[in-house]
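Peer 1: Next come a sequence and a model predicted from it.
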Amino acid sequence: MQSIADKINGTVIPAVNSLVSALSGVARELASVSQAGNLDIKVGAVSQPTDVINAGKKNTGVKLLDWAAEVQDMGAGEILLTSMDYDGTQVGFDIEMLKMVSNAVNIPVIASGGAGADSRHFIDVFNKTNVDAALAASIFHFNTLPLDKLKKELQEANIETRNIH
């Protein structure tokens, strides 16, 4: 089964609790590094960040750190952590939320939501949190921040980047 794919992205959300046990089973079969727990988090009007579904429209009531710990305990090899409050804003990553989770779990955390055309957004997320990677989409789709420029500025800030051939 491991030859099926190098990486399987197992997305787990509280609304699909029947699939929670599936993550544990798949993680045992394929190794935890093959599994990513995807957490969509919104602070909004509540003081405690909570998990959301349906593109941030429905609050599940599950607290962020509780859900991050549960995803880790189920065997996920990493967490893709998206701030729904920052997603699409291009104002930078939610540093405080990312710091909270990356300090609380022992698996890699991927920052998502808020990246804009300013390389400083990426430099800040790596210098101010313990995240292992940062995700961006629209800035690359529309070439508002060319990848080679971002990589050069990250390297100048002594942040390791991966070579792409």
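Peer 2: Great, that's in hand.
Peer 1: Pull up the gap between residue 156 and residue 77, please.
Peer 2: The gap separating residue 156 from residue 77 is 30 Å, by C-beta to C-beta, to the nearest Å. For the C-beta atoms, the positions are set from N, CA and C on the backbone; glycine is no exception.
Peer 1: When the two are compared, which one has more neighbours?
Peer 2: Just comparing residue 156 and residue 77: by other C-beta atoms under 10 Å the higher neighbour count belongs to residue 77, 18 against 10.
Peer 1: Quick check: which element contains residue 66?
Peer 2: When elements are assigned from DSSP states H and E, residue 66 belongs to helix 64-73.
Peer 1: what is the rounded mean pLDDT of that helix?
Peer 2: Per-residue confidence for helix 64-73 averages out to 86 on the pLDDT scale.
Peer 1: Might one say that residue 153 is in contact with residue 121?
Peer 2: No. In terms of C-beta atoms under 8 Å, residue 153 does not count as a neighbour of residue 121; the distance is 10.7 Å.
Peer 1: Between those two, tell me which one has more neighbours.
Peer 2: More crowded of residue 153 and residue 121, by other C-beta under 10 Å: residue 121, with 22 against 17.
Peer 1: Leaving out chain neighbours, which residue sits closest to the more buried one?
Peer 2: Once its chain neighbours are removed from consideration, residue 121 has its nearest residue in residue 92; the separation is 4.2 Å (C-beta to C-beta, 6 or more residues apart in numbering).
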